[in-house]
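Student: Prediction below, plus the sequence it came from.
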Amino acid sequence: MDRNERFDLLTQMKRKDIKVKDAADHLKCSSSLVSLFLRDKGNMDKQKVIKLKQYIKDKPEYKIGKIKIE
């Protein structure tokens, strides 16, 4: 997995409001491992990468719109 793919995963996590700790809990690993992986400073097992991608994909994305208040 190259740097751009990792950056895309991090961007999707931010857009979907997924915390690194939540992803780490789902993967049953440390949050520092996930953080290092997303910042391209470490590696993760292939199975964990697949589970991380699926976890991010399955989370819904919420949009906040402007509400006119009178």
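Tutor: Received it, and whenever you're ready, just let me know what you need. Residues are numbered from 1 along each chain as shown.
Student: And the helices in the protein, which stretches?
Tutor: In the chain, the helices defined using DSSP state H lie at 3-15, 20-27, 31-38, 46-58.
Student: Next, the angle from the first one to helix 46-58.
Tutor: Helix 3-15 and helix 46-58 are oriented at 40 degrees to each other (axes from the mean of the first three to the mean of the last three Cα atoms, to 10 degrees).
Student: Identify the residues contacting helix 3-15?
Tutor: Ile18, Lys19, Val20, Ala23, Phe37, Leu38, Arg39, Asp40, Leu52, Lys53, Ile56, Glu61 (Cβ atoms under 8 Å, 6 or more residues apart in numbering). (Each C-beta comes from the backbone N, C-alpha and C, glycine too.)
Student: how does it look with 10 Å?
Tutor: The contact list for helix 3-15 (Cβ atoms under 10 Å, 6 or more residues apart in numbering) reads 1-2, 18-20, 22-23, 34-35, 37-41, 49, 52-53, 55-57, 59, 61-63.
Student: tell me the mean pLDDT over that helix?
Tutor: Mean pLDDT, computed over helix 3-15, is 93.
Student: ok, back up a step: so can I have TSV of the helices of the chain showing mean neighbour count?
Tutor: Below are the helices of the chain laid out as TSV (neighbours: other Cβ atoms under 10 Å):
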stretch	mean neighbour count
helix 3-15	14
helix 20-27	17
helix 31-38	18
helix 46-58	14
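Student: Any regions of this structure where pLDDT drops low?
Tutor: 62-70 (pLDDT under 70).
Student: Surely Val20 is in contact with Leu38?
Tutor: Yes - Val20 is within contact range of Leu38, at 7.3 Å (criterion: Cβ atoms under 10 Å).
Student: Give the full set of residues in contact with Asp22.
Tutor: The contact partners of Asp22, taken as Cβ under 10 Å, 6+ apart, are Met13, Ser31, Val34, Tyr55, Lys59.
Student: Distance of the last one relative to Ser35?
Tutor: This means Lys59. To Ser35, Lys59 is 18 Å away according to Cβ to Cβ, to the nearest Å.
Student: Show the contacting residues for the closest residue in space to Leu27 that isn't next to it in sequence.
Tutor: Once flanking residues are discounted, Leu27 sits nearest to Lys48: 5.2 Å by Cβ to Cβ, 6 or more residues apart in numbering. Each residue near Lys48 by Cβ under 10 Å, 6+ apart is listed here: Ala23, Ala24, His26, Leu27, Lys28, Cys29, Leu33, Val34, Phe37.
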